[in-house]
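A.B. asks: fold the following.
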Amino acid sequence: MAEIKTIKPDALAKTQQDKEVHLVDVRTPAEFREVHAPIAVNIPLDQLTAEQIKGLVNGNGADPVYLICQSGNRSSKGCQKLIDAGFDNVVSVEGGTKAWEAEGLPVNRGKKTISLERQVRIAAGFLVLTGAVLGMFVNPWFSGLSAFVGAGLMFAGITDTCGMAMILAKMPWNRT
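C.D. replies: Residues are numbered from 1 along each chain as shown. Next up is the predicted model:
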């Protein structure tokens, strides 16, 4: 696994003053609609392909492609995906859109949405509570639902891959 290059938001903003910058926001369309850097284009992580990036930079592999997400995790995964596909000039924006906004850099705002991270916490909490209540009052076997969700959260923490987030990202309210 290659080391992923990073850049701070303020350094990227300075770079874009001097030359064209290819910034790809890999969050869901709903998250992108809520707030994003004006220079960013939205290609959700689950739809990110090498062909799209080649089209974005007109096949020119010399110019770096910058990836941004909410906090830096998904953009790092996107960078790795592109590195695995043969790109060597991909850079993750440190701290993501949160850091971009915290630096006071310009953002475009749209309709508010619940972040994917919060959606996962809501769904996991609901499923654990449902399993516990049904296990107490209906049938003890329903406690398995809580155990299954707990195991999934442990897996997500260990592997840094969240199946529930991947499913929620495909839901209609996370698409525009």
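A.B. asks: what's the helix or strand of the chain with the lowest mean pLDDT in contact with?
C.D. replies: Using mean pLDDT, DSSP states H and E, the weakest-scoring helix or strand in the chain turns out to be helix 50-56, at a mean of 87. Here helix 50-56 makes contact (Cβ atoms under 8 Å, 6 or more residues apart in numbering) with 22, 24, 41, 43, 65, 82, 85-87. C-beta here means a position set from N, CA and C on the backbone, and glycine is covered the same way.
A.B. asks: gap between Val128 and Gln119?
C.D. replies: Using Cβ to Cβ, to the nearest Å, Val128 is found at 15 Å from Gln119.
A.B. asks: chain center to stretch 115-122, what's the gap?
C.D. replies: Stretch 115-122 sits 12 Å away from the centroid of its parent chain (Cα atoms, centre = their mean, to the nearest Å).
A.B. asks: just the C-alpha atoms of it, please, in PDB.
C.D. replies: Provided in PDB are the C-alpha atoms of stretch 115-122 (Å, rounded to 0.1, in the frame of the first residue of the first chain):
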ATOM      1  CA  SER A 115     -24.300  13.500   7.700                       C
ATOM      2  CA  LEU A 116     -23.700   9.900   6.800                       C
ATOM      3  CA  GLU A 117     -21.800   9.400  10.100                       C
ATOM      4  CA  ARG A 118     -24.900  10.500  12.000                       C
ATOM      5  CA  GLN A 119     -27.200   8.400   9.900                       C
ATOM      6  CA  VAL A 120     -25.000   5.300  10.900                       C
ATOM      7  CA  ARG A 121     -25.200   6.200  14.600                       C
ATOM      8  CA  ILE A 122     -29.000   6.700  14.300                       C
END
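A.B. asks: show me what the one helix or strand Gln80 maps to is in contact with.
C.D. replies: If you go by DSSP states H and E, Gln80 is part of helix 73-84. Helix 73-84 is contacted by residues 1-2, 4-5, 24, 26-27, 45, 48, 50, 53, 65, 67-69, 90-93, 96, 160 when judged by Cβ under 8 Å, 6+ apart.
A.B. asks: how about the helices in the protein?
C.D. replies: Counting by DSSP state H, residue ranges of the helices within the chain are 9-18, 29-34, 50-56, 73-84, 96-102, 116-137, 143-159, 163-169.
A.B. asks: for the third one, buried residues please.
C.D. replies: Neighbour-count burial for helix 50-56, with 16 or more other Cβ atoms under 10 Å as criterion, is recorded at 53-54, 56.
A.B. asks: returning to that earlier point: is there a quick ChimeraX command that grabs whichever of the contacts of helix 73-84 are buried?
C.D. replies: A single ChimeraX command selects the buried members of the contacts of helix 73-84 (16+ other Cβ under 10 Å):
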select :4,24,26,27,45,48,53,65,67,68,69,90,91,92,93,96
